[in-house]
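Novice: Okay, here's the prediction I keep looking at, along with the sequence it came from:
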Amino acid sequence: MIVALHLLVGPGAEPGVAALLLALLLTCSVHAAVWTGAAALLSRRRSLSSSTRHLLWKMALFGPLATVSLAAAMPGGFERAPGSAVTVTAPLREIAVLSLEDAPAPAVLDAEPGVGGSTRESAGAGSPVRRAAAGAAWELLAAGAAGAAALGLLRFTTSALLLWRGLRGRRRVQDARLRERLERLRARTGLRRVVLTESASVGSPLVLGASEICVPLARLVALTDAEVDAVFAHELAHLERRDGLWFPAAGLVQSVLWAQPLIHWASSRFRQTAEIACDDRAVELTGDPLGLARALVQVASGASLVRQRAMVPAMARSASALLPRVRRLLDAGSPARATASSRGRRRAIASLAAAGVAAAGLSVQVARARPALLAAGAGDALARDRGAALDATGSPPDAAAASEQMVELARREQEIEARLEDALLLPDAQREDSPDAVLVLELRQELRHVRAAKAWIEERFVDESTTWERRRRASGSAPR
């Protein structure tokens with residue numbers, strides 16, 4: 001079942017780029033709320049390991065992109081068929097309605113559609129000037145959203161270029177002690193190939209790509225063997241998780257969607273849990289949590305001297321960010337490592353995946369509305385009309401009255417079409433802001449309202465006739 005929020009555009013209006021972009025952004029916000037909310041709840045369970053918590057936040061960060069794409073690929077996507085009314089059908093349930101335009105005057109609903117003046121009143125309520133102003137506002141919103149995404153992409157590209165420029169002079173480490181200790185730990189992890197490089201532009205060890213560890217050599221050679229092992233074990237854990245590829249991808253998502261606060265939160269938790277998971281893996285490889293704690297303190301003392309980049313996994317970014325990690329390592333009975341179970345991991349992943357699948361059915365769609373639904377108080381008036389039809393025990397809906405209204409509207413439609421043909425022949429009809437062009441726009445708007453009113457009357461008559469017939473049969477078959 002698809003649960004959709006609907007954005008309404010005026011009768012006869014086509015969903016524009018602004019409406020579709022807004023629908024896409026709202027869908028992304030809804031999906032991000034589902035993913036991050038589920039991940040936050042599940043990650044609070046004490047039976048989960050640090051690795052599982054990191055996986056949950058990785059799913060929360062990248063999952064909305066997958067489910068939004070899936071929602072867009074579903075039948076109907078973000079755009080309803082032109083002229084479709086906002087109704088509840090079997091496979092589609094609406095849970096809210098947002099309006100992209102100001103509602104026309106109440107005369108659209110209160111006046112009889114068959115009276116010629118009513119369509120003119122409704123046309124005046126949605127005059128070309130007013131519609132142009134509303135359209136310009138939403139186009140400005142679309143341009144602003146696109147500009148924000150472009151600005152974030154530019155910032156990400158700039159950071160990537162600065163990182164590449166700062167690291168392009170790095171070279172392989174020749175220190176035999178460091179190479180030997182790295183190779184011994186690499187064999188324990190099962191990684192095939194690891195390149196150890198050094199650069200003066202990095203403040204702490206970090207991983208690049210899928211197989212490279214870059215270190216500040218002068219600081220690393222001053223560490224003891226146990227501390228060097230702890231550093232290499234932590235970085236090898238990042239390589240095992242492919243964080244050298246995941247971190248740039250997370251940076252790209254956060255940069256493009258920087259206006260979405262939930263994405264920032266998920267990205268922050270993704271990075272924090274990655275470091276904690278790598279700490280646990282390093283302790284597993286070395287068996288020395290105290291050595292890793294000392295290494296973190298030593299590395300953090302120089303991390304603030306050189307600017308760090310968030311798009312790569314660095315062992316330490318600042319001393320303040322390391323305090324919780326150091327306290328955790330000094331606590332020998334860490335509950336996250338002591339009570340972790342594969343069963344709890346499977347349940348947590350399955351639960352978050354189920355929430356994501358449910359989110360895939362949430363989408364924001366764009367639909368054109370009927371005149372009555374855009375009028376002030378139209379929903380209540382329409383409910384009263386249908387309630388009266390349901391309570392009727394006498395004659396069926398008046399077909400003659402409906403026919404008269406349709407005939408009058410058809411006559412009005414022909415009259416407007418003739419006037420529109422004449423207006424199109426005027427000298428300045430194609431020149432913007434000219435009186436002739438304004439007249440053409442007004443006639444086209446009035447024609448759309450007349451046609452929308454005809455469709456609405458016909459649909460209401462069919463709906464009331466069907467309801468009356470159903471109630472008549474139910475009443476006739478009921479026991480007396």
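Specialist: Arrived safely. Residues are numbered from 1 along each chain as shown.

Novice: in the stretch 151-300 of the chain, which spans are helices?
Specialist: Taking DSSP state H, counting those that start in this stretch as the test, the helices found in the stretch 151-300 of the chain are 176-189, 217-220, 225-240, 243-256, 261-286, 289-303.

Novice: Kindly reformat the ones you listed as TSV containing mean pLDDT and mean neighbour count.
Specialist: Where C-beta positions appear, they are placed from N, C-alpha and C, glycine not excepted. Converted to TSV, the helices of the stretch 151-300 of the chain look like this (pLDDT from 0 to 100; neighbours: other CB atoms under 10 Å):
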stretch	mean pLDDT	mean neighbour count
helix 176-189	92	14
helix 217-220	85	18
helix 225-240	93	24
helix 243-256	91	20
helix 261-286	92	21
helix 289-303	81	21
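
Novice: Can you tell me the closest non-neighbouring residue to residue 430?
Specialist: Using CB to CB, 6 or more residues apart in numbering and skipping the chain neighbours, the partner closest in space to residue 430 is residue 437 (7.0 Å).

Novice: The one you found: helix or strand, and which one exactly?
Specialist: Assigned by DSSP states H and E, residue 437 belongs to helix 435-477.

Novice: Doesn't residue 430 lie inside a strand?
Specialist: No - counting by DSSP: H, G, I helix; E, B strand; the rest coil, residue 430 falls outside a strand, being coil.

Novice: follow-up on the earlier one: elements contacting the helix holding residue 437?
Specialist: With contacts taken as 3 or more CB pairs under 8 Å, 6 or more residues apart in numbering; DSSP states H and E, helix 435-477 sits against helix 116-125, helix 128-167, helix 371-374, helix 378-391, helix 399-424.

Novice: Let me see the mean pLDDT of that helix.
Specialist: What helix 435-477 shows for mean pLDDT is 80.

Novice: Check stretch 352-369 too.
Specialist: 74.

Novice: And for stretch 158-172?
Specialist: Rounded mean pLDDT across stretch 158-172 is 87.

Novice: Can you list the buried residues in it?
Specialist: Neighbour counts over stretch 158-172 (16 or more other CB atoms under 10 Å) mark 159, 160, 163, 166, 167, 170 as buried.

Novice: Show me the contact partners of it.
Specialist: Stretch 158-172 is contacted by residues 195-199, 201-202, 208, 214, 248, 251, 309, 311-312 when judged by CB atoms under 8 Å, 6 or more residues apart in numbering.

Novice: run the last query once more with 7 Å
Specialist: With contacts defined as CB atoms under 7 Å, 6 or more residues apart in numbering, stretch 158-172 is touched by 195, 196, 197, 198, 199, 201, 214, 309, 311, 312.

Novice: Break the protein down into its domains, please.
Specialist: Annotated domains of the chain cover 149-340, 397-463 [automatic domain parsing].

Novice: can you list the ones you listed in JSON lines and add distance to residue 358?
Specialist: Below are the domains of the chain laid out as JSON lines (distance: least, CB to CB, whole Å):
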{"stretch": "domain 149-340", "distance to residue 358": "17"}
{"stretch": "domain 397-463", "distance to residue 358": "32"}
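
Novice: Any idea which of the ones you listed gets closest to residue 40?
Specialist: domain 149-340 (8.1 Å; CB to CB).

Novice: wait, residue 148 sits on residue 259?
Specialist: Yes - counting by CB atoms under 7 Å, residue 148 does reach residue 259; the two are 5.4 Å apart.

Novice: Can you give me the distance of residue 216 to residue 285?
Specialist: According to CB to CB, to the nearest Å, residue 216 stands 22 Å off from residue 285.

Novice: So in terms of bridging, what pairs with residue 213?
Specialist: Under the criterion DSSP bridges, residue 213 forms beta bridges with residue 196, residue 207.

Novice: Tell me how many other residues crowd it.
Specialist: 25 (other CB atoms under 10 Å).

Novice: Next: residue 62.
Specialist: Neighbour count of residue 62, defined by other CB under 10 Å: 16.

Novice: That one sits in which helix or strand?
Specialist: Using DSSP H and E, residue 62 falls in helix 50-73.

Novice: Just the angle for that helix relative to helix 225-240, thanks.
Specialist: Relative orientation of helix 50-73 and helix 225-240, computed by axes from the mean of the first three to the mean of the last three CA atoms, to 10 degrees: 20 degrees.
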